[in-house]
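Asks: here's a sequence, model it:
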Amino acid sequence: MQRAGLSASRTVSLLPRVGLHRHAASATASVTKHDYVIVGGGSAGCAIAHRLAKDGGKRVLLIENGPSDRGSWDWWKIHMPAALTFNLADNKYNWDFHTVPQKGLDGRRLHQPRGRTLGGSSAINAMAYVRGHALDYERWVDEIGAGGETWNYRHVLPYFKKAQSHSEGGSTYRGGDGPLSVSRKNTAVVESINGAFVEAGVQAGYLGTADQNGFQQEGFGKMDMTVTPAGERASTANAYLRPLRNAANHEDKEAATRLDILTGRTGTRLLLEGSRVVGVETVSSHGHDDAQRHLAGAETILCAGAVGSPQLLNLSGIGNAPDLEKLGIKVQHHLPEVGQNLQDHLEFYIQYRSNPPSLYPYAATFSKLPSPLNRYAFRRPLLAAQSGLTWMFGGSGLGASNHFEVGGFIRSRPGVRHPDLQYHFIPGIVVGQLDFLPDHGFQAHCGPLRPTSRGSVKLASADFKEAPLIDPNFLATEEDIVDMRAGVRHTVEILEQSALADNFIKERFSPEPGFDIGDDKTVDAWVRKMTHSGYHLSCTCAMGRVVDAHGLVFGLEGLRIADASIMPSMTSGNLNAPTIMIGEKIAAHICGHELPPVENSVGWFEAPDWETTQR
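Replies: Down below sits the predicted model:
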């Protein structure tokens, strides 16, 4: 892994040795022509670009609004796994969106960071690799309708495996030689407290599991993360674009000549000739007035995500006609479900001050904590620097992990067929969402996995520069409120088991000591005040509503969507892995290289008494 001591062009640029081009705005012609034009270089976009250029032999243009992930002094913010919070407060690599005021959350506007660089949100996320439960994909069959059977678990598992190279090797459920590195970490400094969390889950009556992405999701155990063997973030830019840039073999060199990458360009509208989309118009993301047209001989593919894809459709006159007409946008194609069905995970943190060990001594963030939290404001910057240097020169140490090394999935009540609550455990206390409390502690993130509330993404105006209106409509249903209450109570019960209570816990930090966890109104008020988005925006161009089972937009030709927006409903967990799978699956369909489904004998775990017991 190349790091210190090399020139910037060698270390962080995506400029290739041969074939792979990154155009400067001043040097790009006013019109470009390719077989496929992909708008959005994120989790799905990078995968599709790689597969179409390499496996399909197509001429491909990949357009990304943000900068390269390897073109500046701060490249380490993306590529060091432990630095994952740095980009959440920095809009250089982040769209830095916020929701509209949420009625169910006391009118709060929640932060919604989305990736704005090559790799997209896979370049700024928490790197948790979670496929979801097999029954999510069985549910998709009915939600999609025609063609939905091609998205059941037997059909999608081969694409998860195709994408993946797991550090523990291939198996029935794992891929062993794909481009996306997936690994597990066991950071020695905090191994004991991570192990205690898993033990606490088992003490509370839940299962242990050896592989949350294998046969049995339900239970507590090690989590997978998208981190390479060299200790670097495995974004899709690293996984799918860098191999072509490095061009280690003839096949990659040939593919590189067919793939152009254009960064720093904003899509302003799709180009239509009648009912056919023939390309996209872009302008510089730096504010220059230099409109360019990028024509696609075969298809334009939107991979701009659950916010960007419906936004560009609406700007192009594709969407709900009355909404577009109110903004003075000429309606090109009435498609009322565009931007509807928005879903996101809402989560809370249960936090405890504790005895060592924790990540606190190594945290490098600068304290901006209000009184009375300033009494903890002692930091150890030399330890943070040492951790950074260990990673910089060796790809190891605390910098090489996202520190979500263990987690869990449980069912909230009897009658729930598969887990509907997820846990991420971290040996440290995060205040707000970005700043480590300078004191030993730990926290568990928890949230319902299949909320019933639905929201929308709409344009604020016809100006492409104006952020859209993002409304997840959190806690709009009584069912979601009840699930949140259950989550809070189950989490406190788990964290106060003897494995943690006897050896680590000093006092609960949040909710504060004395909090009446048995009172519904008290719990509901705390949830409305303290919850955060899980950053899993999805479902706004859903299969069966906006696109068909292959991502083709209803009523138009030459336009396909392939990103988290086409999920008909959220999967039960983090969404990066399923989004990459979507990219792999749709690319295979385009190339005519579809994989056969796995054998019927490959199944999944369901608790035999799920109808009558909670654990």
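
Asks: what comes up buried for the one helix or strand residue 486 maps to?
Replies: Assigned by DSSP states H and E, residue 486 belongs to helix 478-495. Within helix 478-495, the residues scored as buried using 16 or more other C-beta atoms under 10 Å are 480-481, 483-488, 490-492, 494-495. Heads up, the C-betas are built off the backbone N, CA and C, glycines and all.

Asks: now stretch 43-57
Replies: Residues of stretch 43-57 classed as buried by neighbour count (16+ other C-beta under 10 Å): 43-56.

Asks: keep only those of the residues you listed that are in helices.
Replies: In helices, defined here by DSSP state H, the members of the buried residues of stretch 43-57 are 43, 44, 45, 46, 47, 48, 49, 50, 51, 52, 53, 54.

Asks: can you list those in CSV and add pLDDT and distance to residue 396?
Replies: Converted to CSV, those look like this (pLDDT from 0 to 100; distance: C-beta to C-beta, whole Å):
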residue, pLDDT, distance to residue 396
43, 98, 26
44, 98, 31
45, 98, 31
46, 98, 26
47, 98, 28
48, 98, 33
49, 98, 31
50, 98, 28
51, 98, 32
52, 98, 36
53, 98, 33
54, 97, 31
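
Asks: closest to residue 310 among the buried residues of helix 478-495?
Replies: Residue 310 lies nearest to residue 480 out of the buried residues of helix 478-495, by C-beta to C-beta, at 22.8 Å.

Asks: ranges for the helices of the stretch 301-450 of the chain?
Replies: Secondary structure of the stretch 301-450 of the chain, counting by DSSP state H, counting those that start in this stretch: helices at 305-315, 321-326, 381-394.

Asks: highest mean neighbour count out of the ones you listed?
Replies: Across the helices of the stretch 301-450 of the chain, averaging neighbours per residue (mean count of other C-beta atoms under 10 Å) puts helix 305-315 on top, at a mean of 27.

Asks: by contact count, what packs against that helix?
Replies: In terms of contacts (3 or more C-beta pairs under 8 Å, 6 or more residues apart in numbering; DSSP states H and E), helix 305-315 is packed against strand 265-273, strand 292-302, strand 455-458.

Asks: could you dump these into TSV and include mean pLDDT, mean neighbour count and distance to residue 613?
Replies: Shown next, in TSV, are those (pLDDT from 0 to 100; neighbours: other C-beta atoms under 10 Å; distance: least, C-beta to C-beta, whole Å):
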stretch	mean pLDDT	mean neighbour count	distance to residue 613
strand 265-273	97	20	50
strand 292-302	98	22	44
strand 455-458	98	24	33
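
Asks: for the ones you listed, which one sits closest to residue 219?
Replies: Proximity to residue 219 (C-beta to C-beta) singles out strand 455-458 among the helices and strands packed on helix 305-315, at 31.2 Å.

Asks: give me the sheet partners of that closest one and which way each runs.
Replies: Here strand 455-458 has these sheet partners by DSSP bridges: strand 340-342 (antiparallel), strand 469-471 (antiparallel).

Asks: give me the buried positions along the first one.
Replies: Spelled out, that is strand 340-342. For strand 340-342, using 16+ other C-beta under 10 Å, the buried residues are 340, 341, 342.

Asks: what's the answer for stretch 537-552, then?
Replies: By 16+ other C-beta under 10 Å, the buried positions in stretch 537-552 come out as 537-549, 551-552.

Asks: now the end-to-end length of it.
Replies: In stretch 537-552, first residue to last residue: 21 Å (C-alpha to C-alpha, to the nearest Å).

Asks: low-confidence ranges, this structure, go.
Replies: For the chain, residues meeting the criterion pLDDT under 70 lie at 1-29, 364-381, 433.

Asks: contacts only, for the residue lying closest to residue 535 once chain neighbours are set aside.
Replies: Computed as C-beta to C-beta, 6 or more residues apart in numbering, the closest residue to residue 535 that is not its neighbour in sequence is residue 113, at 6.3 Å. Each residue near residue 113 by C-beta atoms under 8 Å, 6 or more residues apart in numbering is listed here: 87, 88, 94, 95, 96, 97, 121, 124, 535.
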